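J.: Need a 3D model of the following:
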Amino acid sequence: MKTSYMLITPALAKEFLLRNKSDNRVVRKAWVKNLATAISRGEWVTTHQGIAFSTDGTLIDGQHRLLAIVEANTPVTMAVTYDVASPNAFMAIDQGLRKTSADVFHVPQKYMEVVRLAASFVYGAGQATKAQEGEILPLLLPFVESLHAANNTACRVLSSAPVRLAAVMNMLGGEEIDYVTTVYSNLVSLRLDALPPIARSLVILATQGRTRGIKGTPQYMNYAAAYKVFQRKNSDLTRAFSRSPMQHVEAARNLILRKLEK
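T.: This next block holds a predicted model:
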């Protein structure tokens with residue numbers, strides 16, 4: 001078995017893919033797009049991971065990387081390993097624990113759930129690269145920390161990433177931090193007597209399961225339902241439900257992009 005580094009062009013990637021193992025894993029198009037986006041943005045970093053061929057020349061590792069090179073139409077340098085002899089090599093490849101964004105940025109997984117959801121609002125579900133999440137992280141992290149410092153209680157739906165992001169986006173947009181964190185703390189602790197009417201409405205929605213969304217978008221629905229809850233001007237309203245969740249998502253996207261440009 002030998003490994004060398006080479007510049008793999010889109011044309012060479014296509015050639016290598018012709019030698020792909022017939023029973024290789026099913027192509028995950030979202031992952032290919034994610035890698036292609038990273039390559040296009042210049043975020044590809046050459047490491048020990050690349051592609052591998054068995055002794056008979058069959059591609060047994062790296063099909064997603066090669067497909068990403070083709071999609072990005074950009075050459076990259078990567079490790080190429082030849083003559084992998086073990087008959088069990090294919091089954092052993094990629095069995096290690098993949099690093100999460102929380103591992104990469106050394107922040108709690110609960111914090112990254114909020115950042116990852118925000119990144120999906122900006123770049124599309126499952127499309128954000130770790131580098132893009134890393135750009136958003138310092139923008140939101142102080143507010144996420146304030147939220148968890150106020151109350152770190154886990155409460156079904158009410159402490160979910162969409163609800164926490166709704167609170168964070170309000171703080172990012174200028175809403176009073178003390179007000180937002182107090183409402184959130186009372187919300188996840190179910191201190192109903194201390195909640196404004198609109199927040200009690202969210203508790204009812206969550207209890208009845210009516211924030212689970214429509215057309216497969218529960219996160220958007222939960223975010224939109226929670227967003228108004230953390231604004232003092234809406235405290236006397238009695239309905240948290242939103243019929244236009246995508247408007248809230250688009251507003252969040254625009255706010256994040258504006259803040260990143262500053």
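
J.: which residues in the stretch 1-150 of the chain form strands?
T.: Using DSSP state E, counting those that start in this stretch, the strands of the stretch 1-150 of the chain run over residues 2-8, 50-54, 59-61, 76-84.

J.: Now distance to F105 too, for the ones you listed, in a markdown table please.
T.: C-beta here means a position set from N, CA and C on the backbone, and glycine is covered the same way. Below are the strands of the stretch 1-150 of the chain laid out as a markdown table (distance: least, C-beta to C-beta, whole Å):
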| stretch | distance to F105 |
| --- | --- |
| strand 2-8 | 28 |
| strand 50-54 | 24 |
| strand 59-61 | 27 |
| strand 76-84 | 23 |
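
J.: tally of neighbours for G50?
T.: Residues near G50, counting by other C-beta atoms under 10 Å, number 21.

J.: Just list whatever residues bridge to it.
T.: A79 (DSSP bridges).

J.: for it, what are its contacts?
T.: 3, 5, 62, 65, 78-81 (C-beta atoms under 8 Å, 6 or more residues apart in numbering).

J.: Repeat the analysis, applying 10 Å as the threshold.
T.: Applying C-beta atoms under 10 Å, 6 or more residues apart in numbering, we find G50 in contact with 3-6, 8, 61-62, 65-66, 76-81.

J.: what's the answer for A38, then?
T.: 44-45, 68, 72, 76, 128-132.

J.: what pLDDT does the most centrally placed residue in the chain get?
T.: In the chain, the centroid-proximal residue (C-alpha atoms, centre = their mean) is R116; its distance is 3.2 Å. pLDDT recorded at R116 is 93.

J.: S189: neighbouring residues, count only.
T.: 15.

J.: coming back round to it: closest to L18 out of the strands of the stretch 1-150 of the chain?
T.: Nearest of the strands of the stretch 1-150 of the chain to L18, taken as C-beta to C-beta: strand 59-61 at 8.5 Å.

J.: returning to what we had before: gap between the residue nearest to the centre of the chain and K2?
T.: Separation of R116 from K2 (C-beta to C-beta, to the nearest Å): 38 Å.

J.: And the next helix or strand past the helix or strand harbouring N222?
T.: Assigned by DSSP states H and E, N222 belongs to helix 218-227. Toward the C-terminal end, the helix or strand that comes next after helix 218-227 (DSSP H and E) is helix 245-261.

J.: buried ones in that following helix?
T.: Neighbour-count burial for helix 245-261, with 16 or more other C-beta atoms under 10 Å as criterion, is recorded at 245, 248-249, 252-253, 255-256.
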